[in-house]
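[1] Just to be clear, the model below is a prediction. Sequence and coordinates:
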Amino acid sequence: MDTSQALWRLRLGSAFRTVLACTIVGCTTLYGPEPVRSLLTFPAFSYVTTILIVSDATLGDALRGCWHVICATIQVMFPSMLSLWLIGPSRFNCVLAAMAVALSSFLIALPDSTHLMAKRIAFGQTVIVYVGAVIQGPETEVIKHPIHVATSTALGALASILAMLFPYPHLAYREVRKTCRLYAENASNRLNLLVEAFCAKDNMTSLNLTTEARVLAKTGAKLLRSIKDKHEGMLWEKPWFRLLKPKRLDPGEKLQGMEMPIQGMELALTTCTSFPIRLINEELEAVLQISKKQVALKLEQATCSVPFNAATAPETKEQNTDRSSWTQSAISTVHENLSPFFFLYCMELLQDGPESILKNDKEAKIEESSQPKQGKDLPSFSKLLSSDNLLFATKCSLSLGLAVLFGLIYNKENGYWSGLTIAISFVRGRQATFTMANGRAQGTAMGSVYGILCCFLFQKLTDLRFLLLFPWIIFTTFLRHSRMYGQAGGIAAVIGALLILGRKNYGTPTEFAIARITEAAIGLICFLAVEILLCPVRSATLAKIELSRTLGALQDCFQLIRHYTSQKEISRELKEKQKKLKYHVSVLENFIAEAELEPNFWFLPFHSACYNKLLKSTHKMADLSHFMIHQIKFLSQVSYRLGITWEEINNDLVDLTDKTGSLLKCMGEVLLVKSLAELEKELQKKNASQDLELGKSPTENVSTRLGPQQNSIGEVVRSILQHIMGVANKTEDNEVKEKLKSQMVLCLSSLGFCINNLKQETIEIEREIAYLLKWENPARHVNLHDLLSKLNAT
């Protein structure tokens with residue numbers, strides 16, 4: 001089955017379950033027993049809850065959604081009953097209802113521990129309770145009114161769970177296992193293509209095979225993302241999994257760990273200059289074929305069960321892969337030979353890790369037990385009142401309060417929809433606000449128009465109108481995954497039609513649709529106004545700030561690598577810095593994507609091409625730092641066994657990381673400069689005063705430009721190559737030492753490869769930042785190298 005057919009089946013399955021859930025809600029609210037229908041006075045919110053939970057969900061996700069409904073109901077029902085009893089329903093007017101919604105929303109949004117889905121449902125319940133009190137007036141019952149809201153919400157959650165059980169349970173556990181098998185097949189195919197490309201006889205054949213592997217890599221990334229998304233649902237289906245060790249808890253963790261070496265193999269092939277590779281011989285090809293089969297068995301065994309077992313397949317032990325023969329190949333000092341050795345290093349890392357023979361299972365268990373146990377931090381008052389929580393709570397409070405106020409002023413009978421439209425739209429952190437609002441507005445209009453047309457065409461067949469929802473739900477399921485409308489537009493479109501075709505006794509469909517579209521517009525305008533007021537910074541500016549932070553995180557990693565090379569031990573702080581670096585790269589990618597969708601207005605357009613190149617370089621440097629840590633860890637432990645002086649390589653690496661880190665730091669500071677003219681004046685004053693005090697000329701500052709320092713980096717690589725020659729020419733009388741020698745040759749060669757690519761990516765970042773500054777300051781002559789030198793001197 002190809003990718004398009006699998007995608008169609010996935011989307012149609014999701015659409016079928018959505019149709020089933022909405023059918024359960026519709027049949028219950030339209031044709032259910034009178035006592036049941038008397039409790040379900042807000043069927044519109046039943047549909048809203050159903051769509052929020054059931055979209056692309058599994059049984060575990062539905063169970064989690066049901067739990068979120070319970071949490072939201074507890075948060076809303078008791079405070080709302082108390083407020084209605086204390087104030088009295090007859091005293092509620094537009095202003096008082098808006099204030100009550102604003103205050104309740106602030107308290108709901110403030111806790112960080114509550115899931116976003118629970119907050120959205122609670123926001124919707126709050127709007128219905130207080131706006132309903134205004135609409136019904138003195139007839140509002142203090143106890144029954146909130147209970148009716150709760151039962152309507154519960155119907156949506158129950159319908160979602162039932163829809164996940166037919167025609168058979170749609171289990172996240174089963175989906176994760178299937179997705180992991182698909183990823184294993186994908187990774188195995190990519191590995192076969194990359195090995196074939198490595199052994200190719202000409203450049204064109206290797207390029208075609210590498211391109212095909214790169215296309216499969218995009219599918220593999222989506223599969224890993226799908227495993228991660230379904231992981232929490234799997235834990236709700238099988239809660240005893242939470243008692244297992246964290247490394248066995250996440251089924252995608254081992255597969256994610258195998259993804260990095262495959263990406264390294266692809267990187268090695270893209271930097272190879274000519275094929276066939278001189279290193280290739282029949283013996284090496286045989287070793288690669290055996291290793292390829294062992295990795296395939298390892299992938300197959302990793303997907304046999306959930307949680308996944310980290311042990312290798314028994315069959316792999318029967319194959320004899322004498323990889324020490326790699327060191328017998330001619331090793332020249334030409335840098336192009338470093339790429340093939342890095343490819344072989346990644347194959348070694350993919351198979352069993354280069355440091356696997358250094359420690360036995362007992363040592364591994366001791367190392368694992370020495371790691372600190374991670375537990376959930378207890379909520380504290382300071383964490384509750386953090387700036388992010390306060391900003392999110394204030395944003396929700398003001399948006400919902402203003403939307404309810406102006407919605408009730410415009411149309412009292414339909415005042416729900418201004419608040420409900422944005423109640424299910426909030427997200428923590430930044431989002432593409434204008435794109436989301438545009439998609440939701442267009443989706444609401446399309447759904448409403450579809451409902452009106454269906455009502456017009458089937459005026460006499462009112463009972464059959466509900467059936468017309470089925471093709472629309474299928475259409476909007478695909479619409480949710482489009483770039484034009486996204487989740488916001490697709491959900492708004494299906495809800496717009498459901499509110500017209502899935503209910504009765506709400507008035508004329510045309511009048512209701514016009515009123516609801518207007519109310520939705522009021523809510524979205526309030527949402528945009530508050531967003532601009534509280535977060536006036538453009539996404540383009542945030543992308544530049546985050547790029548500076550990412551460069552700073554890269555510098556921190558290199559500084560800690562320097563510290564590690566001198567200490568010869570794994571630093572826990574280094575692992576935390578790596579996680580921080582990956583986080584910053586991910587945030588930068590999100591800001592760039594948001595800035596590309598943001599309207600320019602009167603601002604300078606966002607240079608997406610330049611930022612995407614910078615993102616690609618920073619991502620590659622983060623991956624290179626990951627490999628360098630593995631290499632330095634292994635080399636520092638093994639060098640003394642083979643009589644190699646590690647301090648010589650260490651000194652070269654210290655100098656390299658210092659230069660690279662200093663350059664990254666200065667470039668990060670340049671990005672944060674608002675005015676180059678003011679910066680140059682300030683730097684001139686500082687340099688002049690410092691030069692006068694020290695008796696130096698202003699031109700004596702040392703440049704931090706990396707371009708002229710390529711020779712020093714080349715010297716580091718040449719020094720590493722000399723160590724490779726020394727290690728490869730040694731003869732060992734011990735099989736273990738012979739394996740160590742083979743692996744040390746691989747590590748040294750791979751370290752040289754990483755250093756070369758690190759240099760190239762740093763120069764690329766320097767070039768792109770210089771271009772970005774010139775593009776943003778067209779009227780000024782920008783000399784990035786002078787700015788970097790002056791910043792470094794101060």
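    Nice, I can see it.

[2] element containing the spatially most central residue of the chain?
    Nearest to the mean C-alpha position of the chain, counting by CA atoms, centre = their mean, stands Ser586 at 6.0 Å. Taking DSSP states H and E as the criterion, Ser586 maps to helix 572-597.

[3] and that helix, how far from the chain's centre?
    How far helix 572-597 lies from its chain's middle: 9 Å, per CA atoms, centre = their mean, to the nearest Å.

[4] What are the boundaries of the helices in the stretch 301-450 of the chain?
    For the stretch 301-450 of the chain, the helices defined by DSSP state H, counting those that start in this stretch cover 338-351, 361-370, 381-384, 387-410, 416-423, 433-457.

[5] average pLDDT across the third one?
    Averaging pLDDT along helix 381-384 gives 53.

[6] just stretch 111-120 next, same as before
    91.

[7] So which bits of that stretch are buried?
    Going by neighbour count (16 or more other CB atoms under 10 Å), the buried part of stretch 111-120 is Thr114, Met117, Ala118, Lys119, Arg120. Any C-beta I mention is one placed from the backbone N, CA and C, and that applies to glycine too.

[8] try stretch 73-81
    In stretch 73-81, counting by 16+ other CB under 10 Å, buried: Thr73, Gln75, Val76, Met77, Pro79, Ser80, Met81.

[9] Convert it to CSV, retaining C-alpha atoms only.
    The C-alpha trace of stretch 73-81 is given here as CSV (Å, rounded to 0.1, in the frame of the first residue of the first chain):
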residue,chain,number,x,y,z
THR,A,73,-16.7,20.4,35.0
ILE,A,74,-15.4,20.4,38.5
GLN,A,75,-13.6,23.7,37.9
VAL,A,76,-16.7,25.4,36.5
MET,A,77,-19.8,23.9,38.1
PHE,A,78,-19.3,24.5,41.8
PRO,A,79,-18.0,28.1,41.5
SER,A,80,-20.7,29.0,39.0
MET,A,81,-23.4,27.6,41.3
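
[10] Need the contact partners of it.
    By CB atoms under 8 Å, 6 or more residues apart in numbering, the residues outside stretch 73-81 that reach it are 104, 107-108, 114, 118, 122, 125-126, 129-130, 142-143, 146-147, 149-150, 153-154.

[11] Kindly report the same for stretch 155-167.
    17-18, 20-22, 24-25, 28-29, 40, 45-50, 52-54, 57-59, 62-63, 65-66, 69, 170.

[12] and what of stretch 426-441?
    Identification of contacts with stretch 426-441 by CB under 8 Å, 6+ apart yields 109, 116, 119-120, 123, 388, 392, 395-396, 399, 421, 425, 484-486, 488-489, 491-492, 520-521, 524, 527-528, 531, 535, 539, 542, 590-591, 593-594, 597-599.

[13] State the pLDDT value of the nearest residue to Asp56 once chain neighbours are set aside.
    Using CB to CB, 6 or more residues apart in numbering and skipping the chain neighbours, the partner closest in space to Asp56 is Ser14 (5.2 Å). pLDDT for Ser14: 91.

[14] which residues touch Ser14?
    Each residue near Ser14 by CB under 8 Å, 6+ apart is listed here: Ser55, Asp56, Ala57, Thr477.

[15] ditto for Gly220
    Gly220 neighbours (CB under 8 Å, 6+ apart): Tyr183, Asn186, Ala187, Arg190, Glu259.

[16] and it, how far is that from Leu299?
    For Gly220, the distance to Leu299 equals 11 Å [CB to CB, to the nearest Å].

[17] Common neighbours of these two, please.
    Any residue near both Gly220 and Leu299 by CB under 8 Å, 6+ apart counts here, and that gives Ala187.

[18] Arg64 and Trp236 touch, don't they?
    Yes: assessed by CB atoms under 8 Å, Arg64 is found in contact with Trp236 at 4.9 Å.

[19] just checking, what packs against the longest helix along the chain?
    Determined from DSSP state H, the single longest helix within the chain is helix 735-776. Contact partners of helix 735-776 among helices and strands, from 3 or more CB pairs under 8 Å, 6 or more residues apart in numbering; DSSP states H and E: helix 251-271, helix 338-351, helix 608-638, helix 646-671, helix 710-728, helix 784-793.
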